[in-house]
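Chemist: got a predicted structure here, sequence first:
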Amino acid sequence: MASTENISTARPMTTLRGLLSSQRNFRRLQQAIIFIVMAIGAVAMIAPFEWMLATSFSRSANIAMPRIPTFWPSDPSTFNYKVAITNLPLARYYLNSLVVTVASTLGYLFFSSLTGYAFAKGRFVGKSVLFIILLTTLMIPFEIRMIPMYLLMRQLHLNDTYAALILPFISGGFGTFLMRQYISAIPDELIDAARVDGASEFTIYARVILPLCGPALAALTVLSALWRWNDTLWPLLVISDRNLFTVTFGLAMASRSQGIFTGVALATSAIAILPIMILYLFLQRYIIRGIMLTGLKG
Amino acid sequence: MVRKLRKSLVWYAFVAPTFILYALFVAYPTFETFRLSLFQEVATRQQFVGSLHYIRLLGNQVFLAALLNTAFLGIIFLMIIVPFSLVMASLLNNLHVWPNLFKAIYFLPQITSTVAVALVFSYVFQPNWGLVNGLLRELGVDPLPLWLAEPRYVLTGSRATVTILAVWVALGYYMLIFQAGLQAVPSELYDAAVVDGAGPLQTWWLITIPSLRPTFIFLFITGTIDAMSRFSDLWMLGGPAGTPARSLQTIVMYVYQTAFESSDFNLASAAAVILFIVVLILTLFNFRSFLQREFSSQSGA
C-alpha cells in the first residue's frame, strides 16, 4: 500500500524509498514463509515423540487406544512406567550401555589418536603402505565381516561378555584417518622443541599433541558414543544373556517378543530415548559441530 | 641402519594396537568371509565347493528379491532425500530467526536409536489407532491405508512407510551436510551473479547447485553404502524375514537369517560377498563419475 502511494506522488526520492521499503517487506514475507515451512517440518520431527510421551502416560492405552490421537493423556498415570521398570531390568541395561559406550569410546580415542600421531609425524619403514591398508577399512562395511567376527568371538569364548561388545571397536580406520589429518596440521616446531627438551615420543603425544586435538577428539567421541549406544546388529549376534543387554538392544528384544501392551511399550521407549534427548539438549552444539567436522552420522 | 630401525620401533609400537585389531576384526574376517563362501560344511568338516553357493544364490528367488528390494528402497530413498534436504537446507540457510534451533530439532531423530524410532513409528503408523490414521480419519479419509501391513508396491504400503521413516530420520543429517557445503560456496560467485542480474532462483540453480557437486557425490557414496547395508529399522519392523511378505527384507537381513537362523554360514558368506561386490562397484562408479567430471571440467577450462 505504502509503495503505491509513493509512486503516485512521483517524486524520485520517495519512489526510491518506497521501493526499498517494499523490498524490506518482501524480505520479511520471505522470512515468514521460510519460517512457516521450517516450523511445519519441526512439528513433524517432534510430533511422534510427543505422541509417544502422551500415550505412555495414558493408562487406558493398554486396553483401548483412543481413536482420535491425543497429544495430552486424558487419564494421566505413571502406571505404564511402573510396569516397564518391573518388566525389564532397565537400570541394568543402562549400566551395560554406559560401560560398553564409555570403554569403547575411550579406547577408540586413545588408539586412534596414538596411531594417527604415528602416521602424521612419525618416520618409519612402510608408513604409507600401512596407512593405505588401514584405509581399506572404510571400504569394508561391518555387515560383510560379521559372520567370521561372530565365529571368532565364539572361538575365543567371548560371547556374552562385555569384551565382545567393546574389543572390536576400540580402534578403527576412520578414527585413525581423522586424527592423522588433524595432527598433520600441527606445526613440527612444537614437536621438535619438546624433543630437544628430551621428551619421549609418548610424552610428546600425551603432553603436546593430545591437548591440541580437542575438536577432533570431541567429534570422535560423539560418533563413537552414538555408534556404540545405538548398535543392534552386533549385540544381536554375540549377546544372548539378558543381563548384558544394552538399552537399545534390550528395547529391541523386548518389543520383538512382547509388543502387545502399547502403553507399556511406549513407556519403555520413552525411558530408552529421553535421557539421550536431554543429554542432546545440552550437547547439541558439540554434537552438530562434530558431525559437520567428520561428515559422518551416528 | 640398526639405529634407524630402533628409532622406528616406537612408531611401530604406536601403530601396533590398531593393526592387531585391524588384523583380527577387519582383514581376517574379510578373507574368511570369502573363504567360507567357497566351502560347504559336510559332517562338521569344511569341503571346497567352489562357486556352488553363488550359483545357488543367483537362482534363489528369496535372495534376488532381497537384493532388488534393498536397491529399490535405497534408490527411492536417495531420490527423495537428496532434493528434499537440499531445498530445506537452502531455506534454512536463508533464515535469520532461530536457525540453530531448527537445526537441532531436525537432527533429533538422528541421535535417537534406530530401534526406538522404528518402534515409535510402528505405533505411529498402526492402522487402527496410530497417529497418522487417526489424523486421516479426522480428515474423513476412507478406507484408511494399511501402511506397514500392506506389502504391495503402493504409496501407502510397507515400503513407502519405511521410506518415510528413513527420510524423517535422515533429513537433519543430510541438511547438515548440505549446509556445510553451502557455506563453502565462494561468495565471489554470488557477487558475480548479482552483478549479472540473476534472480535468487536463477542463482540457486546456476551457481549453488553446481558448486555443491562434491557434497552430492559424498552423500551419494555414503548414502548408497548405508542403503545397501540397511538392517536395524527394517528388522525391528518386520523381523529378519521383512514381514509382510518379505516386502521389507534387505540383503543384510537375508545374510543374518541364513547365518543365524538357518545356521548356513557358508551360503550366508556368499551372500555377504555379493553385497561387498555390489557396494564396491557402486562406490567406484560414484567415485569415477566424480573424478571424470572433475577432470573434464579442468581440461575444459
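Modeler: Yep, it's here.
Chemist: contact partners of stretch B:216-226?
Modeler: A:141, A:295-296, B:74, B:77-78, B:81-82, B:174, B:177-178, B:279, B:282-283, B:286-287, B:289-290 (CB atoms under 8 Å, 6 or more residues apart in numbering or on different chains). Heads up, the C-betas are built off the backbone N, CA and C, glycines and all.
Chemist: care to break chain B down by domain?
Modeler: In the assignment given by automatic domain parsing, the structural domains of chain B cover B:2-37, B:56-112+B:171-300.
Chemist: right, and these - which one's nearest residue A:95?
Modeler: Counting by CB to CB, residue A:95 lies closest to domain B:56-112+B:171-300 out of those; the figure is 20.3 Å.
Chemist: distance of residue A:143 relative to chain B?
Modeler: Here residue A:143 is placed at a distance of 5 Å from chain B (CB to the nearest CB, to the nearest Å).
Chemist: ok, back up a step: can I have the buried ones of the contacts of stretch B:216-226 as a PyMOL selection?
Modeler: Buried subset of these, written as a PyMOL selection, criterion 16 or more other CB atoms under 10 Å in any protein chain shown:
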select buried, (chain A and resi 141+295+296) or (chain B and resi 74+77+78+81+82+174+177+178+279+282+283+286+290)
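Chemist: filter the contacts of stretch B:216-226 down to the ones in helices?
Modeler: Filtering the contacts of stretch B:216-226 for membership in helices, criterion DSSP state H, returns B:74, B:77-78, B:81-82, B:174, B:177-178, B:279, B:282-283, B:286-287, B:289-290.
Chemist: which residue is nearest the centroid of chain B?
Modeler: By CA atoms, centre = their mean, the mean C-alpha position of chain B lies nearest to residue B:226, the distance being 2.3 Å.
Chemist: pLDDT score assigned to it?
Modeler: Residue B:226 carries a pLDDT score of 90 in this model.
Chemist: could you do residue A:260 as well?
Modeler: Per-residue pLDDT puts residue A:260 at 62.
Chemist: before we move on, what about residue A:6?
Modeler: The confidence metric pLDDT takes the value 43 at residue A:6.
Chemist: check the one 5 residues further on too.
Modeler: Per-residue confidence at residue A:11 stands at 51 (pLDDT).
Chemist: before we move on, back to that, quick check: next helix or strand after the helix or strand where the residue nearest to the centre of chain B lies?
Modeler: Secondary structure here is read from DSSP states H and E; on that basis residue B:226 sits in helix B:213-228. Once the chain leaves helix B:213-228, the next helix or strand it forms, by DSSP H and E, is helix B:232-238.
Chemist: that following helix packs against which elements?
Modeler: Counting by 3 or more CB pairs under 8 Å, 6 or more residues apart in numbering or on different chains; DSSP states H and E, the packing neighbours recorded for helix B:232-238 are helix A:247-258, helix B:114-124, helix B:158-183, helix B:251-260.
Chemist: same list (the domains of chain B) but as JSON lines, adding distance to residue A:167.
Modeler: Conversion of the domains of chain B to JSON lines gives the following (distance: least, CB to CB, whole Å):
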{"stretch": "domain B:2-37", "distance to residue A:167": "8"}
{"stretch": "domain B:56-112+B:171-300", "distance to residue A:167": "20"}
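Chemist: looking at those domains, which is nearest to residue A:261?
Modeler: domain B:56-112+B:171-300 (17.3 Å).
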